[in-house]
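[1] I would like the atomic coordinates for the input below:
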Amino acid sequence: MALQSTNYRSIGVLIAIATVAVIFLVGVTLVRNNQRGETTGSIILEEPQSGLVVIVPSTTWTIGSASTNFFINRSKRIEEIQTQKGTCNNFSKSQSIAIQAALENGPNSAKEAWLQEFPGLTNIITPDSFGAGRTLVGIDTCNATFNRKVVTLRAQAYKNDVEIRFSKELIQKSDLSQSDLIEIANSIAGGSAGQNSSTFNELIGVMESAR
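    Next comes the predicted model:
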């Protein structure tokens, strides 16, 4: 009996050690996955220059560089913005000041001001954020080149006199007309464009979380 008791104790010790080892390995795996960004759900990102904090739905978002999902493609102090005009944009310090001021005055003023910066915007909304609402979300159908057709989802926010831009390009067929692109933009905004509409609504949700 003593021998049997010893054997049972040895087996019990081995089982306990194996259980602890499994728990340890699972814990290490979870920690490593978290470090690699292999998590699901929401994460919080802070843009360092402005202090803008947003809640994003996945780890594919990045700060300051492009990715396959949305990204913050420019954060710049308004005082440092240089004049830059092109086919699809009109950037300047005065324009950014006007947009920021318009956001304080209400949605309609802000939409008109943002159109001066991005003339190709066909759908613009002002999500509720920061309490008073200091963010913009829109769909841009402007094309700088003839051989590349895109619909761009845009968002813009202001905090601490810093302008922060978000964008995502949706590549379209090269033979589409401008009216085709506008139709696509309207279908995205109207919720009938499948995944693209989901992505657009995702961006709206992120901007609503801005603080």
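
[2] tell me where this protein has strands.
    43-46, 53-56, 62-63, 71-77, 84-85, 90-91, 121-125, 135-140, 149-159, 162-172 (DSSP state E).

[3] most tightly packed of the ones you listed?
    Most buried of those, by mean neighbour count (mean count of other C-beta atoms under 10 Å): strand 135-140, with a mean of 26. For every residue, glycine as well, the C-beta is placed using N, CA and C.

[4] list the pairing partners of that strand within its sheet, with orientation.
    Strand 135-140 has the following strand partners under DSSP bridges: strand 121-125 (antiparallel), strand 149-159 (antiparallel).

[5] wait, Lys93 sits on Glu79?
    Yes. The pair Lys93 / Glu79 is scored as a contact, 6.6 Å apart, by C-beta atoms under 8 Å.

[6] looking at the two, which is more packed in?
    A count of neighbours by other C-beta atoms under 10 Å puts Lys93 above the other of Lys93 and Glu79, at 16 against 10.

[7] next one: the residue nearest to that one when sequence neighbours are not counted, what pLDDT does it get?
    Spatially, and ignoring its direct neighbours in sequence, Lys93 is nearest to Ile81 (4.6 Å; C-beta to C-beta, 6 or more residues apart in numbering). Reported pLDDT at Ile81 in the predicted model: 96.

[8] next, give phi and psi for Ile81.
    In terms of degrees, to the nearest 10, the main-chain angles of Ile81 are phi -70, psi 130.

[9] so what's the residue count around it?
    Using other C-beta under 10 Å, Ile81 has 17 neighbouring residues.

[10] give me the distance between it and Ser42.
    For Ile81, the distance to Ser42 (C-beta to C-beta, to the nearest Å) stands at 31 Å.

[11] now do Ser75
    To Ser42, Ser75 is 21 Å away according to C-beta to C-beta.

[12] go on, Phe71?
    According to C-beta to C-beta, Phe71 stands 17 Å off from Ser42.

[13] CSV for the strands of the chain, including distance to Gly190?
    CSV is the format used below for the strands of the chain (distance: least, C-beta to C-beta, whole Å):
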stretch, distance to Gly190
strand 43-46, 29
strand 53-56, 24
strand 62-63, 29
strand 71-77, 25
strand 84-85, 32
strand 90-91, 28
strand 121-125, 9
strand 135-140, 11
strand 149-159, 14
strand 162-172, 15
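
[14] pick out the shakiest of these, pLDDT-wise.
    strand 62-63 (a mean of 68).

[15] list the contacts for Thr141?
    Residues in contact with Thr141 (C-beta atoms under 8 Å, 6 or more residues apart in numbering) are 120, 122, 151-152, 178, 181-182, 184-185.
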